[in-house]
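[1] Show me how the following folds:
(4 chains)
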Number of protein chains: 4
Amino acid sequence: MSAIDKKALSRLLADAPSNWGKWGSEDEVGALNYLTDEEIKLGVAAIRRSRPFALGAPIATATGDPVFPGRWAARHYMVADKAGFEARHWRPLPGGLEFADDYVSGFAQAGTHCDALGHMWFDDTLWNGYPAASTNGGMTKASIEPIARRGIVGRAVMLDVARFPGKTFLQRAETFDHRDLLECARSQAVEIKPRSILMLRTGWLGALQRGEARIDETYWEPGLTFSLELVRWFAQMEIPCFLTDTLANETTYEPNSGVMLVLHAALMRNLGVVFTEMAWLDELATACAEDSQYDGLYAASPLQVSRGTGGGLNPIFIK
Amino acid sequence: MSAIDKKALSRLLADAPSNWGKWGSEDEVGALNYLTDEEIKLGVAAIRRSRPFALGAPIATATGDPVFPGRWAARHYMVADKAGFEARHWRPLPGGLEFADDYVSGFAQAGTHCDALGHMWFDDTLWNGYPAASTNGGMTKASIEPIARRGIVGRAVMLDVARFPGKTFLQRAETFDHRDLLECARSQAVEIKPRSILMLRTGWLGALQRGEARIDETYWEPGLTFSLELVRWFAQMEIPCFLTDTLANETTYEPNSGVMLVLHAALMRNLGVVFTEMAWLDELATACAEDSQYDGLYAASPLQVSRGTGGGLNPIFIK
Amino acid sequence: MSAIDKKALSRLLADAPSNWGKWGSEDEVGALNYLTDEEIKLGVAAIRRSRPFALGAPIATATGDPVFPGRWAARHYMVADKAGFEARHWRPLPGGLEFADDYVSGFAQAGTHCDALGHMWFDDTLWNGYPAASTNGGMTKASIEPIARRGIVGRAVMLDVARFPGKTFLQRAETFDHRDLLECARSQAVEIKPRSILMLRTGWLGALQRGEARIDETYWEPGLTFSLELVRWFAQMEIPCFLTDTLANETTYEPNSGVMLVLHAALMRNLGVVFTEMAWLDELATACAEDSQYDGLYAASPLQVSRGTGGGLNPIFIK
Amino acid sequence: MSAIDKKALSRLLADAPSNWGKWGSEDEVGALNYLTDEEIKLGVAAIRRSRPFALGAPIATATGDPVFPGRWAARHYMVADKAGFEARHWRPLPGGLEFADDYVSGFAQAGTHCDALGHMWFDDTLWNGYPAASTNGGMTKASIEPIARRGIVGRAVMLDVARFPGKTFLQRAETFDHRDLLECARSQAVEIKPRSILMLRTGWLGALQRGEARIDETYWEPGLTFSLELVRWFAQMEIPCFLTDTLANETTYEPNSGVMLVLHAALMRNLGVVFTEMAWLDELATACAEDSQYDGLYAASPLQVSRGTGGGLNPIFIK
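    I've put the predicted structure just below:
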């Protein structure tokens, strides 16, 4: 890919829409501004069965979580356990209570997580025009903190992009776009309304967990693929946030140009759309297929990691 | 406290109620079983203003988060930032995208978090009778995982235990019990119903953040204090889960006997009540005082930390 | 390898020599007891050129250090740097000094390191008869601490097992034994004396660094291979410690039985020989080939990791 | 100390000596260049008793290591132990071997360690004129790596600055200078020669360990104190490296001006002297007092932390 110059992305997005300044020069939550009390009402109104789902994937697993190439797996370390008490590393509390305690380390974007709007950039400029140097030593602009303090609540729509064409999971480098989403919604008899939160299931995370897909040196995820039309559709539909069960919420490369992670530029950096990656959607998908209800209330907020580029979360969806 | 023998806790709770076996011998989520679809409906019905609140405190702050004595603060490490790209530690992705990335390490119970039901025990036995040795090297019973997969959704009631008697925050070692909660609810004109999730605000976390309270060698939190009556009230009311803005959800020592963290034994280990510690309740408290609405829908789930004793979360409350 | 029963190792070593009890029931440094002042004098006497070599490999490299399957790479995190001062995350000290600071995490056995004598065991018993349960929650017997407090100083002999047969590096699963060492010493005109520290160069670490060897699911290192004769030779020669430029100081499997890491059992657990793994020997090997001096003074001590199974070090060899 | 302007250090050192350029524009090991084979011979010649000492302090202790204010303690996490095998988190290797494994995290400058020459700077310039921006995201100039590859070997002199005036340990903020070192050497009947490595014992680390000294918000170490004469003496004596049993190798503040860590600027940044902090010298001091031999061979090298500001080590001294 060395032939791709560093300006390819700028050229590709020269005519793409932008929301910079739309919510003022100090805005750090972008398209989440679309989630007003009206959207919360729509979400609440969509609840029919009072069935909750938690959409977080396990983290710090013993076998090593799936992580995007270049990162390393989160890890879990036991600090105190019964054997540690027996070995006298720990003493019971006054009265007799003993305890287990443990430590976790991993990327702020480990497991199911939201990206901060400033996580990725080009032309030395983050979301809303903040300078890239504001990331130095910790994010002072467009970090995950304002998103975490605000929360993400609204009506969400589940689009089972894998089941729709009858697949267990989408294949390496397999792509879809907004027209596919609309067709999938139609087939599911659910409406993507303006300001809907989108939950896009590819089956990929399940395939990774089962060992039917692998992360190797030629890793290429299935996912949404770039076109100006798709970006304009996200802008016009005022999509605040979307989730996928993949590591990066979009297919890894733009097939025509080889440009990497174009939608992070076009949707996150330019439009302020909040990316929620690595959601666990398989149980929800099965339930939706059974009862044919694909919308409901989404309520989630990432950990408020100080100066963080992202934060883990375990989103709640109630339908 | 060395005079307190290791059996003091067993004696203190000899006549206390237990829910072991109530939901079968394999149960790992305890009182969350009370949160049926009826409770979710009650929570949804309590929404009147469609105002969401995110109740997570910041973590991995530059100055060091408050942690219970014996633990150490979570930390944030920048891995990639603009300066790292300038220094050529990182190269732009094909097309020109650059990125900030970061790493976090801390206790599974760092920041706002749920405790697993097996986090604390006495008499070598965890919640539901699981052996304490099941904690060795990672929790295989009553870990945070089943709670994280289930989620916690229901009607929650905010009880501003600090504002009720006109205080900014409760003092070191200051206590309250279920009768105080009932009085507080009455004064707030909100009803604690069976199976309500309780959110108890002491103002303590704010005091810690402002430096008006400190964590030192004689640390003694304000909070709920043990009595058999209180434990029975929690059992009869079928409280599934409660939150506080303190580090341990209860006052540190039982004043009469000096036994430490009695309610972790009586409520968590014996009744299966889920503890949610270090919630950030100050903004919510202000809003409640303004509009006099103290109940709503609570939707939260901790990170699904593999074999973990707890997991961070950023709970959503909608009123 | 599932067909190998858990008692295979016990049977294989039924007639192998043991040093348990030789230095008392409290001994935790094993064959290092052989390193008396006489051995130090021999080492000092071997210095002829006053040329020092540091034998430590780099750790926490940006590309990920080589680690034995099942471990994960050490990592380096920048905490403070000039950009962090410019971003005001840090303030200059009174007077104007600024600083760079950084954090490292990794296995206690990351990079060039010594294993504690209790690092590996079978039949529930460590070196000198200590119970395996003494490892629970941190090593309380035969940890790296006593070795670290003592240090390792004596005469060492470099044996270039790769160059001797004219190779750049030994191949996957290629083995050698004590007779090969004696032949190699003869060809190098250096004497392996009783109580010599052995430095065995295979070229493998250089091959890993250059990408000519890889760590994958079928990883099988070149190295010393088990025979009862070899173990007896180590016992009779009273070898206190040996180094290799491989990850495990021995070939991964015993070719006949498939038993894994037999010499960790036969030499470390039974004889108390200190293993020093992942030493960087390529520059020293070149120098030795040039001046034909293969012995000298070895002076090293691992980090005194509290309750640790091992500790990093950067050994000094002077010839 | 807010009244001290950021230029105070520059003014204080306006007339102080510098070794920049002395060993070429690419030099990264500074005064270690003084340690030629002649110095190694002097060190070897000083060995009389063949008694080795390991000078590393324990790290990652259960109670928390002493660290300079602003850093946090190194920690030890058990990954595998016997209880973990019993709990089936781990399976024996083919043949039956089991193992303990563990993880350590801490500052690169945790425990006994060397500072890289670029660790501290003023006027945006490190040792030898390298730009401060070369520290961004990892040190690319004057890191610990060149020091680690070279090693530090020479004749070292122990100066028991505490015992000389009859003290157990020096007090908070107590200072000494080169004239005190000369007097101490005279009283010990040992000669500080040009290019000697100095080991300065204050007893402070022992006092910290015993709880007789504390690290609090007004922390002020005993140690060497700045004067132009002292800096010139270090320059003229061509001191390559010095060790202390304190956290910072010098007293914390310059008493007259309040400037912090002046010698890091005057000796490390300007002269290229290698600082070795937090050495454990108490046992060596006792032995020296018994046999009156205060010099010997010093052989040490820090861990080669990639792009690191420092590296841990466990120095060997043989007398």
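[2] how about the helix or strand of chain A with the lowest mean pLDDT, does it reach chain B?
    Within chain A, no helix or strand scores below helix A:8-12, which has a mean of 94 by mean pLDDT, DSSP states H and E. Yes. Applying Cβ under 8 Å from any Cβ of the partner chain, one finds helix A:8-12 in contact with chain B at A:Ala8, A:Leu9, A:Ser10, A:Leu12. C-beta coordinates here come from the backbone N, C-alpha and C atoms, glycine included.
[3] hmm, who's touching that helix?
    A:Phe122, A:Asp123, A:Phe226, A:Glu254, A:Ser257, A:Val259, A:Val262, A:Ala265, B:Pro94, B:Gly95, B:Gly96, B:Leu97 (Cβ atoms under 8 Å, 6 or more residues apart in numbering or on different chains).
[4] again, 10 Å this time
    A:5, A:122-123, A:226, A:228, A:254, A:256-262, A:264-266, A:269, B:92-97 (Cβ atoms under 10 Å, 6 or more residues apart in numbering or on different chains).
[5] quick one: contacts of whichever helix or strand comes after it?
    Where DSSP states H and E defines the elements, the next helix or strand beyond helix A:8-12 is helix A:37-46. For helix A:37-46, contacts defined as Cβ under 10 Å, 6+ apart pick out A:35-36, A:153-157, A:190, A:193-197, A:238, A:240, A:293-299, A:317-319, B:44-45, B:47, B:49-52, B:297, B:318.
[6] how about a cut-off of 8 Å?
    So helix A:37-46 is contacted by A:153-156, A:193, A:195, A:240, A:295-298, A:319, B:44, B:47, B:49-52, B:318 (Cβ under 8 Å, 6+ apart).
[7] got the angle for that helix vs helix B:37-45?
    Between helix A:37-46 and helix B:37-45, the angle comes out at 150 degrees (axes from the mean of the first three to the mean of the last three Cα atoms, to 10 degrees).
[8] List buried residues within the contacts of helix A:8-12.
    Neighbour counting by 16 or more other Cβ atoms under 10 Å in any protein chain shown classes A:122, A:226, A:254, A:257, A:259-262, A:264-266, A:269, B:92-97 among the contacts of helix A:8-12 as buried.
[9] Tell me which entries of those residues lie within helices.
    Among the buried ones among the contacts of helix A:8-12, DSSP state H puts A:Val262 in helices.
[10] still on that earlier bit, off-centre distance for the least confident helix or strand of chain A?
    Computed by Cα atoms, centre = their mean, to the nearest Å, the chain-centroid distance of helix A:8-12 equals 24 Å.
[11] Pull out the buried residues from it.
    In helix A:8-12, counting by 16+ other Cβ under 10 Å, buried: A:Ala8, A:Leu9, A:Leu12.
[12] next one: stretch A:53-73
    A:53-61, A:65-68, A:71-73.
[13] That one and chain B, any residue contact?
    Yes. Legend: contact between stretch A:53-73 and chain B by Cβ under 8 Å from any Cβ is shown at A:Phe53, A:Ala54, A:Gly56, A:Ala57, A:Pro58, A:Ile59, A:Ala60, A:Thr61, A:Ala62, A:Arg71.
[14] Now do that stretch, average pLDDT.
    Stretch A:53-73 carries an average pLDDT of 96.
[15] do stretch A:92-102 as well
    Stretch A:92-102 shows an average pLDDT of 97 in the prediction.
[16] Extract the C-alpha trace of it and format it as CSV.
    The C-alpha coordinates for stretch A:92-102 follow below in CSV (Å, rounded to 0.1, in the frame of the first residue of the first chain):
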residue,chain,number,x,y,z
PRO,A,92,-9.0,-11.4,56.9
LEU,A,93,-10.7,-8.1,57.7
PRO,A,94,-11.7,-7.4,61.3
GLY,A,95,-14.5,-9.9,61.9
GLY,A,96,-13.5,-12.4,59.3
LEU,A,97,-14.4,-11.2,55.8
GLU,A,98,-12.1,-12.3,53.0
PHE,A,99,-12.1,-11.1,49.4
ALA,A,100,-11.0,-11.6,45.8
ASP,A,101,-9.5,-8.7,43.9
ASP,A,102,-8.1,-8.3,40.5
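[17] Please state the offset of that stretch from the chain centre?
    Using Cα atoms, centre = their mean, the offset of stretch A:92-102 from its chain centre is 37 Å.
[18] Now do the end-to-end distance for stretch A:27-42.
    25 Å (Cα to Cα, to the nearest Å).
[19] Check stretch A:131-142 too.
    Stretch A:131-142 has an end-to-end distance of 10 Å (Cα to Cα).
[20] So it, near chain C or not?
    Yes. Counting by Cβ under 8 Å from any Cβ, chain C is contacted by stretch A:131-142 at A:Ala133, A:Ser134, A:Asn136, A:Gly137, A:Gly138, A:Thr140.
[21] doesn't C:Gly84 make contact with the fourth one?
    Yes. Contact between A:Gly137 and C:Gly84 holds when scored by Cβ atoms under 8 Å: they sit 3.3 Å apart.
[22] Find residues that contact each of the two.
    C:Trp90.
[23] Leaving out the residues flanking it, which one is nearest to A:His76?
    Nearest non-adjacent residue to A:His76, counting by Cβ to Cβ, 6 or more residues apart in numbering or on different chains: A:Ala60, 3.8 Å away.
[24] Identify the residues contacting that neighbour.
    A:Ala73, A:Ala74, A:Arg75, A:His76, A:Val104, A:Gly106, A:Ala110, A:Gly111, B:Val305, B:Ser306, B:Gly308.
[25] between those, which has the most around it?
    B:Gly308 (34 neighbours; other Cβ atoms under 10 Å in any protein chain shown).
[26] what's the distance between that one and B:Glu254?
    28 Å (Cβ to Cβ, to the nearest Å).
[27] Please apply the same query to A:Glu254.
    63 Å.
[28] wait, isn't A:Leu205 in contact with A:Pro58?
    No. With contact defined as Cβ under 8 Å, A:Leu205 does not reach A:Pro58; the gap is 10.6 Å.
[29] So what's the residue count around A:Arg48?
    Quick note: A:Arg48 (other Cβ under 10 Å) scores 12 neighbours.
[30] So it lies in a helix, does it not?
    No. Counting by DSSP: H, G, I helix; E, B strand; the rest coil, one finds A:Arg48 to be coil, located in no helix.
[31] Name all residues that make contact with it.
    Contacts of A:Arg48 by Cβ under 8 Å, 6+ apart are A:Gln293, A:Gly296, A:Lys319.
[32] Quick one, grab the pLDDT at the residue of the stretch 201-319 of chain A found nearest chain B.
    Relative to chain B, the nearest point of the stretch 201-319 of chain A is A:Val259 (3.1 Å; Cβ to the nearest Cβ). Looking at A:Val259, its pLDDT is 96.
[33] Kindly report the same for A:Ile4.
    72.
[34] Now do the same contact list for it.
    A:Ile4 neighbours (Cβ under 8 Å, 6+ apart): A:Ser257, A:Gly258, A:Val259, B:Pro94, B:Gly95.
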